[in-house]
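K.L.:
3D, please:
(2 chains)
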Amino acid sequence: MATGNPSPNYYASAPLVSAVLEAKDGIFHGSNTAPDAKNLASLLVQSSSSTGVPVTLILCDYLLYYPFIDMDSTDQQDLTNTTPLPRYESGAGVRAFLVAQGNYVGGADFFITYTNQDGVTGRVSPTINSNTATFTATLVSSSDTSSIDKRIGPFIPLQSGDSGIRSVQSITFLSSNGGIAALVLAKTLGQHIIREQASPNEKNFIKDIMSAPRVRDGAFLNFLALPSGSLQSVAITGLADFVWG
Amino acid sequence: MGFSSQDDLISKITTSGKIWRTDWNKITGAAAYTAGRWYDLSQLNGFPVANTYAGTALNATVASESSGFGLPHNGNVTPDTKHLLNIGAVSAVATAVPGTLMLVDLLLYYPGINMNVATAQTLVNTNTLTRYTSGAGVRAFLAITATAGATAHNISLSYTNQAGTAGRTLPVTVSGTASAIVPHITHAGIAANNYGPFLPLGSGDTGIRSVQSLQLSAASGAGTAALVLAKPLTSIPITTASVYAERDLLNQLPSMPQVQDGACLTWIYFPGAATGANTSFFGHVEQGWG
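P.N.:
Numbers count the residues shown, from 1 in each chain, chains lettered A, B, ... in the order given. Prediction:
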């Protein structure tokens, strides 16, 4: 949701209805390559700012989202699944996070009901607690340094035995939390860090860490960030190399 | 099976898609942790869900991927073999670092060990190891599942080693921790006669096949514990808050530990500093097979 290149994504579409993001609106990784498989080869990240670093960056393929969840409502909010997962269709390895689309208060418990990677419906996440970071783009479901034992993140935990989410049927807040949010289904691809100011950090995903994450055709790529301080007005730049064959 | 070369490995995890990544997160709960002790993170909330060491007290209970509290790793792959490629972990909490996380395959446990009796507790081995069945490389730890009492006590075991020799005992005096909290591995710490994370083995032994009995030297006053048999797979230090620690197990530390079919992957944690309550950890485990 941060400004820059690529342009910010505000999760703007019909409330509570599943929607997808276009590859061209995320970190650009070239055109489709099927039948070739495309993989992330290397990643460089850096920041000229001293605030917020060190910061951990989690590269995700954003698959599907449900926007404009009312975090003030204590009703069960049913989500409409007109559009299914466009990639990782079974849901195996797909995780959910709740991101604030505006400022909020926080502190409320919530849970989701979902269909798991095997197509089993009626799965219920553990009840977790919203942090009180209050700002747009914060992962509501993420942990912080508070004394609340239900702030578990960045991803919403799953019911016992599940390894992923195929779709989400509802979200319920147990008390008013303030604000609106989007529930996002994503597949993590890799991670990187910026350790200090003005120090570019390079990583080869074959030689440095045997991973070579697959980037599927149509993938919307972007980062989740775990900073050590405020990321307000902090510029982060990077370079990603992709290979296919 | 396995990988005949790096080219073969790259082909299998890219072209063949034989790769799986699990992202996990755990939060420590209401109690602070003490530097120098070890803690069993499987009992914590987060993903995967907390392990309650369910089962009949003192009866060997087999743990597997389907138990639900281990990291999911996409099922069995035989005749292929599955191997750890890389792991990572981070905490944003300053008191969580430095620390060390150890990944284990939790094989079998004896739940409901009574920490408030001084008589020998006979363990029932109707169920036996389903992985690492000889016991070679298999180690034991005693994890608190309900807060122990304040009376000092030592721990003794009678076990069968990796060669099938029964009647083996701990070679030294091993002390549990008075008032040990959940999920402390009670014999791990910096006090006299503490050993951790694993109970020491008798001379010449390299592992444990089964445990026949456990006895405390004194009733602690309260509490329960689970005696766990586990195979350590790998470990990773986390040194700096908000800095994602990574281990490459192919080139950086060539080992590629095998993850056997049915493995129940869980973490144990060694805090290098006093770790505050409700400290959150996030990390991943990535595996390939071929």
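K.L.:
doesn't residue A:126 make contact with residue A:110?
P.N.:
No - contact between residue A:110 and residue A:126 fails when scored by CB atoms under 8 Å: they sit 10.5 Å apart. For every residue, glycine as well, the C-beta is placed using N, CA and C.
K.L.:
neighbour-wise, which of these two wins?
P.N.:
Neighbours were counted for residue A:110 and for residue A:126 using other CB atoms under 10 Å in any protein chain shown; residue A:110 has more, 25 against 18.
K.L.:
need the contact list for that one.
P.N.:
A:71, A:98, A:127-130, A:171-174, A:177 (CB atoms under 8 Å, 6 or more residues apart in numbering or on different chains).
K.L.:
which residues of chain A fall in strands?
P.N.:
With strands called from DSSP state E, chain A shows them at A:38-47, A:55-70, A:76-78, A:95-100, A:109-116, A:123-124, A:128-129, A:165-173, A:180-194, A:201-204, A:214-215, A:221-227, A:236-244.
K.L.:
need those strands in a markdown table with mean pLDDT and distance to residue B:130, can you?
P.N.:
Listed next are the strands of chain A as a markdown table, based on pLDDT from 0 to 100; distance: least, CB to CB, whole Å:
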| stretch | mean pLDDT | distance to residue B:130 |
| --- | --- | --- |
| strand A:38-47 | 96 | 35 |
| strand A:55-70 | 97 | 34 |
| strand A:76-78 | 98 | 41 |
| strand A:95-100 | 97 | 29 |
| strand A:109-116 | 97 | 25 |
| strand A:123-124 | 98 | 27 |
| strand A:128-129 | 92 | 33 |
| strand A:165-173 | 98 | 29 |
| strand A:180-194 | 97 | 30 |
| strand A:201-204 | 95 | 38 |
| strand A:214-215 | 96 | 32 |
| strand A:221-227 | 94 | 37 |
| strand A:236-244 | 94 | 41 |
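K.L.:
mind putting these in TSV, distance to residue B:141 included?
P.N.:
TSV is the format used below for the strands of chain A (distance: least, CB to CB, whole Å):
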stretch	distance to residue B:141
strand A:38-47	38
strand A:55-70	30
strand A:76-78	43
strand A:95-100	30
strand A:109-116	32
strand A:123-124	32
strand A:128-129	29
strand A:165-173	33
strand A:180-194	30
strand A:201-204	35
strand A:214-215	37
strand A:221-227	30
strand A:236-244	42
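K.L.:
can you tell which of the ones you listed is closest to residue B:82?
P.N.:
Counting by CB to CB, residue B:82 lies closest to strand A:214-215 out of the strands of chain A; the figure is 17.5 Å.
K.L.:
Among the strands of chain A, which comes closest to residue B:47?
P.N.:
strand A:95-100 (8.2 Å).
K.L.:
between that closest one and strand A:109-116, how many degrees?
P.N.:
Using axes from the mean of the first three to the mean of the last three CA atoms, to 10 degrees, the inter-axis angle of strand A:95-100 relative to strand A:109-116 is 140 degrees.
K.L.:
report the angle between the axes of strand A:95-100 and strand A:221-227?
P.N.:
The directions of strand A:95-100 and strand A:221-227 differ by 70 degrees, with the same axes, to 10 degrees as the criterion.
K.L.:
Any part of strand A:95-100 near chain B?
P.N.:
Yes - for strand A:95-100, a contact with chain B is found by CB under 8 Å from any CB of the partner chain, at residue A:95.
K.L.:
Contacts made by that strand with the rest, please.
P.N.:
For strand A:95-100, using CB under 8 Å, 6+ apart, the contacting residues are A:1, A:11, A:69, A:110, A:112, A:114, A:130, A:133, A:135-142, A:153-156, A:158, A:164-165, A:168, A:171, A:179-188, A:224, B:23.
K.L.:
Pull out the buried members of those.
P.N.:
Among these, those classed as buried by 16 or more other CB atoms under 10 Å in any protein chain shown are A:11, A:69, A:110, A:112, A:114, A:130, A:133, A:136-142, A:153-156, A:158, A:164-165, A:168, A:171, A:179-188, A:224, B:23.
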